[in-house]
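Engineer: Need a 3D model of the following:
(chains A, B, C and D)
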There are 2 protein chains.
Amino acid sequence: MARKPKLETVAKEAGVSTATASQVMRGAGRISDATRKKVLEAAHKLHYVPDGRAASMRSGINREIGLVIHQIANPFNAEVISGVSDLLEAEGFLVSVLDSRDDVERQRRNIQAFIRNARGGLLWVPADDTDDTTYDLLRTHGIPTVTFLRHLPSEPFDHVGIRDADATRKATEHLADLGHRHIAFLGGKSRSFVRTERIAGYSDVMQERGLAEPLVWDTEDDKMSGMEAMVALRTAHPEVTAIVCNGDMVAIGASLALQKMGQTPGHDVSIVGFDDVQDAAVSTPPLTTMAVSPYQLGRKLAQIMLDRLQAPDTPPTVTQVAATLITRSTTGAPPAG
Amino acid sequence: MARKPKLETVAKEAGVSTATASQVMRGAGRISDATRKKVLEAAHKLHYVPDGRAASMRSGINREIGLVIHQIANPFNAEVISGVSDLLEAEGFLVSVLDSRDDVERQRRNIQAFIRNARGGLLWVPADDTDDTTYDLLRTHGIPTVTFLRHLPSEPFDHVGIRDADATRKATEHLADLGHRHIAFLGGKSRSFVRTERIAGYSDVMQERGLAEPLVWDTEDDKMSGMEAMVALRTAHPEVTAIVCNGDMVAIGASLALQKMGQTPGHDVSIVGFDDVQDAAVSTPPLTTMAVSPYQLGRKLAQIMLDRLQAPDTPPTVTQVAATLITRSTTGAPPAG
DNA sequence: AAAGATTGGTATAACGTTATACCTTCTGTC
DNA sequence: GACAGAAGGTATAACGTTATACCAATCTTT
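Structural biologist: As a prediction, the model looks like this:
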């Protein structure tokens, strides 16, 4: 197999200088149609593919965007990724995804690797407990960064998120309107900022309406944990008739566990999820949940990144997307008596 | 904000030459402990991160591995990704994931971008209908490639896969042993090689045992499609009492649909899944399925890549992992009469 | 004490692009 | 026919590393 062709090879083949060949490849400069054609033919004949490393080093432009997310398998996140890719790939960017698995150390390594390879930008759901050194690293290396979902008040980056407090407020009000007084909040790990916001929205309604003391339970954000938590919650706090969940997977788990105990979601206990993942509509019974369109969120995110790349020196922006209540079958009036 | 530090900056700070600084950072050459310490301190102080582009250009080594997969959200794939990352990251590689969404054009763009940026290697589930030009592109540019799950007989790369024919053979035999005669195969799209293999295993048993004519139904590999297919299958072929599925999501969908129709999986119709995703064990009723450990599969895959990078000129290898039957509650004897 | 070996370090030329500045030719204008 | 301007092209110096070759001491060995 012949050596990998470089610009010089192409230029020689076409009988021009490398500078001219470069301009043709980029569609820049002033080149006559005749030479343009010669160069393009040579490039095609030699199967030439430019070396992005050299190009990006010299030009300072890198069209690779990294996406660091806390859980790649989550269907909500997967849709965000689709939204991001669709928009950015259309603009000629390469989007590559890394799963931090909410591990600060893994995340640090990954981001370090991104900086090492001088990615053009970073879309980022910071892992819980992310410390300032990671922020500093990104800032000192000047990587355009947009955080999403999780937000720290002090952070110096663009941000796209959900109106979390507002969303759980709506969810809790919905349950209160149905007549529930003992409403619990279920899901999420302790130090997450998003969760703090969501708990705030929930707690506010509990207080404003003079309902029971707020009751918050920790779990991982998956179905299994939701099932276990539901069983534990049911025995520890039998007075609870409604739950606001931190995510659909937890909610679906809770709903399943409830049915295994011979009870009916929406009748014995009402459940509101969060995210409106695809499964929410088809689970039995269909889940009432707070919906944000993850695909649209992803596109939004990508758009903010494009804006940032275009205008690197404008101050960071914060974009917040509202969630809407989708009423299905897991919420209803509390059981009589 | 200070300019991004380069090796020269570090060297100046430590009072040595860039050559020395480079050797310290790489742990190469002969450097005294004293200067080593000086350089490391300077690097740390300046938040120095080496530029991988320059390094890889000069050294010809790139520790970035790409992973192109057909569906990122699939929990099975997510576990594969975990396995791959754990092993490769421990070896100092950066693993970045791309979702081809089984779209040949998107896949071609992504792989082209990989070549542009001279990735160190590619782990790849080829999209259905992948044509030879994509294979050629990889070969002519000499990118070390390992395919997995999907395999073409002619392909010139290392491969890691599942003993697909063997697995569906076991699944079908299990159903036949229970007394089923009308067994259908459900799921997957038409031209997938993996599916062809799986159908072969299924069909062989149907013939060997003198059971009904093989019956194959196409669907997408998700829950919704499984539900729809089950409804259609039930009315079109009421004689079918058992189904071998191409994936757990389809199987779970089928199971749900069956229950919506007032029937019981494992009694009215028996269902065998494929993959043993986390949900399989906790769905109602728990799903009988063919299990392969996706995490271990991922580690295997990563190991093959490491081997390949170490010995670029050895002939391609094919590794196949067996699937084992896990009997839960969706299979049982056919209904009497 | 001279020759060789070892230790610790440096100067410099790649790697494959692109941005800049700078040449030639041509036109067209007065 | 002198001069401006445009059109088309090229030479060359970066970008930030690393590999190679080399040098200047210091330590061995005989």
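Engineer: Just confirm A:R106 is within a strand.
Structural biologist: No: secondary structure assignment places A:R106 outside any strand; it is helix (DSSP: H, G, I helix; E, B strand; the rest coil).
Engineer: That one and A:S100 touch, don't they?
Structural biologist: Yes: the criterion here is C-beta atoms under 8 Å, and A:R106 meets it with A:S100 at 5.5 Å. Every C-beta, even on glycine, is put in place using the N, C-alpha and C of the backbone.
Engineer: Need the overlap of contacts for the two.
Structural biologist: A:A127 (C-beta atoms under 8 Å, 6 or more residues apart in numbering or on different chains).
Engineer: These two: who's more crowded?
Structural biologist: Neighbours per residue, other C-beta atoms under 10 Å in any protein chain shown: of A:R106 and A:S100, the larger number sits with A:S100, 24 against 18.
Engineer: what sits against A:R195?
Structural biologist: Per C-beta under 8 Å, 6+ apart, neighbours of A:R195: A:187-189, A:246.
Engineer: Which helix or strand contains A:T319?
Structural biologist: Here A:T319 sits within strand A:318-321, counting by DSSP states H and E.
Engineer: Can you list the neighbours in contact with that strand?
Structural biologist: Outside strand A:318-321, the residues within contact range by C-beta under 8 Å, 6+ apart are A:151, A:158-163, A:292, A:296-297, A:300, A:304.
Engineer: Inside strands: which ones of these?
Structural biologist: A:158-162 (DSSP state E).
Engineer: ok, stretch A:82-97 near chain B or not?
Structural biologist: Yes: against chain B, stretch A:82-97 shows contacts by C-beta under 8 Å from any C-beta of the partner chain at A:82, A:85, A:89, A:94-97.
Engineer: in that stretch, what counts as buried?
Structural biologist: A:82-89, A:93-97 (16 or more other C-beta atoms under 10 Å in any protein chain shown).
Engineer: Off-centre distance for that stretch?
Structural biologist: Relative to the chain's own centre, stretch A:82-97 is displaced by 14 Å; criterion: C-alpha atoms, centre = their mean, to the nearest Å.
Engineer: likewise stretch A:152-160?
Structural biologist: With C-alpha atoms, centre = their mean, you get 14 Å for stretch A:152-160.
Engineer: In PDB, list the C-alpha atoms belonging to the strand holding A:T319.
Structural biologist: Taking only C-alpha atoms (Å, rounded to 0.1, in the frame of the first residue of the first chain), the coordinates of strand A:318-321 have been written out as PDB:
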ATOM      1  CA  VAL A 318     -28.400  31.000  30.800                       C
ATOM      2  CA  THR A 319     -31.300  29.400  28.900                       C
ATOM      3  CA  GLN A 320     -34.100  27.700  30.800                       C
ATOM      4  CA  VAL A 321     -36.700  25.400  29.200                       C
END
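Engineer: before we move on, the earlier item: quick check, nearest of the ones in strands among the contacts of strand A:318-321 to chain B?
Structural biologist: Comparing the ones in strands among the contacts of strand A:318-321 against chain B with C-beta to the nearest C-beta places A:D158 closest, at 16.6 Å.
Engineer: So stretch A:23-36, near DNA strand C or not?
Structural biologist: Yes: applying C-beta under 7 Å from any atom of the strand, one finds stretch A:23-36 touching DNA strand C at A:25-26, A:28-29.
Engineer: if we can go back for a sec, mean confidence for the strand holding A:T319?
Structural biologist: In this model, strand A:318-321 has an average pLDDT of 92.
Engineer: before we move on, back to that, within reach of DNA strand C, which of the contacts of strand A:318-321 are there?
Structural biologist: Okay, of the contacts of strand A:318-321, nothing touches DNA strand C (C-beta under 7 Å from any atom of the strand).
Engineer: Turn those residues into a markdown table, including distance to A:D313 and pLDDT.
Structural biologist: Converted to a markdown table, those look like this (distance: C-beta to C-beta, whole Å; pLDDT from 0 to 100):
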| residue | distance to A:D313 | pLDDT |
| --- | --- | --- |
| A:H151 | 22 | 78 |
| A:D158 | 13 | 94 |
| A:H159 | 17 | 94 |
| A:V160 | 20 | 94 |
| A:G161 | 23 | 91 |
| A:I162 | 28 | 93 |
| A:R163 | 28 | 94 |
| A:V292 | 30 | 90 |
| A:Q296 | 28 | 91 |
| A:L297 | 26 | 92 |
| A:K300 | 22 | 94 |
| A:I304 | 15 | 95 |
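Engineer: For the residue of the stretch 151-300 of chain A found nearest DNA strand C, which residues are in contact?
Structural biologist: Among all residues of the stretch 151-300 of chain A, A:D158 sits closest to DNA strand C, at 25.0 Å; criterion: C-beta to the nearest atom of the strand. Contact analysis of A:D158 by C-beta under 8 Å, 6+ apart lists A:145-147, A:304-305, A:308, A:316-319.
Engineer: what do you get for A:T330?
Structural biologist: A:251, A:255, A:265-266, A:270-273, A:285-288.
Engineer: Mark which of those residues are part of helices, please.
Structural biologist: A:251, A:255 (DSSP state H).
Engineer: Now restrict the contacts of A:T330 to buried residues only.
Structural biologist: If we count by 16+ other C-beta under 10 Å, the contacts of A:T330 have these buried: A:251, A:255, A:265-266, A:270-273, A:285-288.
Engineer: Let me see the ranges of the helices in the stretch 201-337 of chain A.
Structural biologist: A:223-236, A:248-260, A:278-282, A:294-310 (DSSP state H, counting those that start in this stretch).
Engineer: want to try TSV for the ones you listed, with distance to B:T241 as columns?
Structural biologist: Below are these laid out as TSV (distance: least, C-beta to C-beta, whole Å):
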stretch	distance to B:T241
helix A:223-236	30
helix A:248-260	27
helix A:278-282	25
helix A:294-310	39
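Engineer: out of these, nearest to A:K6?
Structural biologist: Among these, the nearest to A:K6 by C-beta to C-beta is helix A:294-310 (27.9 Å).
Engineer: is DNA strand D contacted by stretch A:111-127?
Structural biologist: No: against DNA strand D, stretch A:111-127 shows no contacts by C-beta under 7 Å from any atom of the strand, the least distance being 8.3 Å.
Engineer: can you redo the buried residues of stretch A:82-97 as JSON lines with pLDDT?
Structural biologist: JSON lines is the format used below for these (pLDDT from 0 to 100):
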{"residue": "A:S82", "pLDDT": "92"}
{"residue": "A:G83", "pLDDT": "94"}
{"residue": "A:V84", "pLDDT": "95"}
{"residue": "A:S85", "pLDDT": "94"}
{"residue": "A:D86", "pLDDT": "93"}
{"residue": "A:L87", "pLDDT": "94"}
{"residue": "A:L88", "pLDDT": "94"}
{"residue": "A:E89", "pLDDT": "91"}
{"residue": "A:F93", "pLDDT": "91"}
{"residue": "A:L94", "pLDDT": "90"}
{"residue": "A:V95", "pLDDT": "92"}
{"residue": "A:S96", "pLDDT": "89"}
{"residue": "A:V97", "pLDDT": "92"}
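Engineer: dump the residue contacts of the closest residue to DNA strand C within the stretch 101-250 of chain A.
Structural biologist: The stretch 101-250 of chain A approaches DNA strand C most closely through A:A118 (12.4 Å), counting by C-beta to the nearest atom of the strand. Counting by C-beta under 8 Å, 6+ apart, A:A118 makes contact with A:56-57, A:62, B:51-53.
Engineer: Which ones, among the residues you listed, also lie beside DNA strand D?
Structural biologist: A:57, B:51.
Engineer: Find the residue closest to A:P126 in space, skipping its chain neighbours.
Structural biologist: Distance criterion C-beta to C-beta, 6 or more residues apart in numbering or on different chains; nearest residue to A:P126, sequence neighbours excluded, is A:R150 at 5.1 Å.
Engineer: So which of the contacts of A:T330 are in strands?
Structural biologist: A:270-273, A:288.
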